[in-house]
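Peer 1: model the following, please.
(2 chains)
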Amino acid sequence: MSNWKLRWFVLKDLCLYYFSSDKPDAKAIGMIMMPSYHVSVVKNNKKKYIFQVAHPSTIAKPYLFQADTHEYMDVWVEALTHAAMAQKGTRNFWL
Amino acid sequence: MENIFLVSGKTIGTIVLQAESAQEKRAWVSDFRRIGLLADAPLSPGANENEHAAAGEDEGRHDSLEDGGGDDLSSSSSAPTTPTAIRGTQRLPRTSTLLRSTTDESSPPSARNDDTLSRNAAAKYVEPPVPNIAISQLQDVEFDGWLRLRTAGKAKQ
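Peer 2: Just a heads-up that it's a prediction; the model follows:
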């Protein structure tokens, strides 16, 4: 049985929320705070349009995503990369 | 989930940690700030003001102890008398060594070698708490759509 699960994702305020449904009353079942995460496309011979969201510290589990098309993957990767890098201009600084 | 806080830094990125109690969280936040990491509890809406005030009190306690010659903080009446665990991992006691090394602001945080850094590694990562939020509450979203998701194995501890 595949571990891949279809989820509805919403990117807002640098947080990626995911839901089991796209109905308005659906409650979030998970959240990834994108700042500091690294977004990259994964080359996979078996599956297409895979990309990964991983934390550089390696203490957090990486997330694997699969899009339906290459174009859709590119759009998501760009949006998530933008959110992941936003920290540089906002919260991350040395005291 | 209670007593969640964030720690951010250039080398560690942003991680989410959970302390055993509010007092422990304040102590950790204070310690992380002392070594140059940005620590806060933004996941507790409405609690930030109190957290900051409490953290300030905690820092004041540290300062007064430093002035007094670097007493072991664990002996303070407001701090735990024994090392306590963070999510099942043993927390080391705060010591006078910690105070002396972390107050050296002339050296970059990455160059400091103190107990706080080793305790940082011992603290267990926890997944961010899932907010009780519905899609309809997320207005003006930047992007949304369907994707297949799979978590890739276990994280390194």
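
Peer 1: find the centremost residue of chain A, please.
Peer 2: Of all residues in chain A, the one closest to the mean position by C-alpha atoms, centre = their mean is residue A:53, 5.2 Å from it.

Peer 1: beta partners of residue B:39?
Peer 2: residue B:7 (DSSP bridges).

Peer 1: in stretch B:18-25, which residues are buried?
Peer 2: The neighbour-count criterion (16 or more other C-beta atoms under 10 Å in any protein chain shown) identifies B:18-20, B:22-25 as the buried residues of stretch B:18-25. Backbone N, C-alpha and C define where each C-beta goes, glycine included.

Peer 1: check what pLDDT the residue of chain A found nearest chain B gets.
Peer 2: Taking C-beta to the nearest C-beta, chain B has its nearest neighbour within chain A at residue A:36, 2.9 Å off. The predicted local confidence for residue A:36 comes out at a pLDDT of 80.

Peer 1: quick one, what contacts the spatially closest residue to it that is not a sequence neighbour?
Peer 2: With sequence-adjacent residues excluded and distances taken as C-beta to C-beta, 6 or more residues apart in numbering or on different chains, residue A:36 is closest to residue B:13, at 2.9 Å. Applying C-beta atoms under 8 Å, 6 or more residues apart in numbering or on different chains, one finds that residue B:13 lies in contact with A:35-37, A:55-57, A:87.

Peer 1: let's go with 7 Å and repeat that
Peer 2: The neighbours of residue B:13, taking C-beta atoms under 7 Å, 6 or more residues apart in numbering or on different chains as the test, are A:36, A:55-57.

Peer 1: just the buried residues out of these, in PyMOL syntax.
Peer 2: Provided next is the PyMOL selection string for whichever of the contacts of residue B:13 are buried by 16+ other C-beta under 10 Å:
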select buried, chain A and resi 36+55+57
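
Peer 1: need the contacts of residue B:13 in JSON lines with distance to residue B:129, can you?
Peer 2: JSON lines is the format used below for the contacts of residue B:13 (distance: C-beta to C-beta, whole Å):
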{"residue": "A:36", "distance to residue B:129": "17"}
{"residue": "A:55", "distance to residue B:129": "17"}
{"residue": "A:56", "distance to residue B:129": "22"}
{"residue": "A:57", "distance to residue B:129": "19"}
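
Peer 1: got JSON lines for the contacts of residue B:13, with secondary structure too?
Peer 2: Below are the contacts of residue B:13 laid out as JSON lines (DSSP: H, G, I helix; E, B strand; the rest coil):
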{"residue": "A:36", "secondary structure": "coil"}
{"residue": "A:55", "secondary structure": "coil"}
{"residue": "A:56", "secondary structure": "coil"}
{"residue": "A:57", "secondary structure": "coil"}
